[in-house]
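A.B. asks: Need coordinates for the below:
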Amino acid sequence: MLTSVDRLLFVRKVPIFKELRDDFLVRLVSVMDEHSFPSNYTIFRQGEEGRSLYIVLSGKVKIHIGSKTLIEFSQGNYFGEMAVFDAEPRSASATTLGIFQCLELTQEHLDEAIEETPEIALKIISSLSRHIRKLNNRLDAAEAKR
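C.D. replies: Numbers count the residues shown, from 1 in each chain. Have a look, this model is predicted:
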C-alpha cells in the first residue's frame, strides 16, 4: 500500500492529472482505492456498466475486444476514463498481464471534486482530448501501414 505522499507523488506524474494543482490532487488521491489483481484477471468486460477509471501502479493491462488487443498500458498510464464522464457501457474489456496493481477513481468521487473545484474538469478534459488525439494518430499510422 502506498502512503498518501507516495500516492500524490505518483499521481502527479500521470498525464491526465499532470496539470492539476497539488491541493486538487490531494483531494483526489485521498479518495482513490488501491487494488491488486492476479495475472489474467478481467478488471471489467466490454458492455458492463463502468463508473471508474484506473491508474496503473505496476504491471500491465491489455484493453481488448474479444481476442483482439487494442492497446496495453503499464505503470503511470490510465484507462477506463470514458466511464467517469458518461453512463455508457464499457467499449472494451481490460485484462491483467501478470500481477497488477492500480488506483481506482470513481465517477462519484470525481464529480464531488469537480463540484468543489470546477477547474478540475477543464484540466481533465484538456488532457483527455490530447489522449484521444494520440490514439487517433496511432490508428491512422496503423491504417497507413496496411
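A.B. asks: Spell out the residue ranges of the helices in the protein.
C.D. replies: Applying DSSP state H to the chain gives helices spanning 4-12, 22-31, 107-116, 119-145.
A.B. asks: residue with max distance from the center of the chain?
C.D. replies: Checked against the mean C-alpha position of the chain, the extreme residue using CA atoms, centre = their mean is Arg146, at a distance of 29.5 Å.
A.B. asks: Contact partners for that one?
C.D. replies: By CB atoms under 8 Å, 6 or more residues apart in numbering, Arg146 lies in contact with nothing. In this view, the C-beta of every residue, glycine as well, is placed from N, C-alpha and C.
A.B. asks: looking at the helices of the chain, which is closest to Thr95?
C.D. replies: helix 119-145 (18.9 Å; CB to CB).
A.B. asks: Which elements pack onto that closest one?
C.D. replies: Packing partners of helix 119-145 (3 or more CB pairs under 8 Å, 6 or more residues apart in numbering; DSSP states H and E): helix 22-31, helix 107-116.
A.B. asks: again, only this time at 7 Å
C.D. replies: helix 107-116 (3 or more CB pairs under 7 Å, 6 or more residues apart in numbering; DSSP states H and E).
A.B. asks: List the contacts of the helix it packs on.
C.D. replies: The contact list for helix 107-116, computed with CB atoms under 7 Å, 6 or more residues apart in numbering, reads Phe24, Arg27, Leu28, Val31, Arg51, Ser52, Ala83, Val84, Ile120, Ala121.
A.B. asks: Now do it against helix 119-145, angle only.
C.D. replies: In terms of direction (axes from the mean of the first three to the mean of the last three CA atoms, to 10 degrees), helix 107-116 departs from helix 119-145 by 120 degrees.
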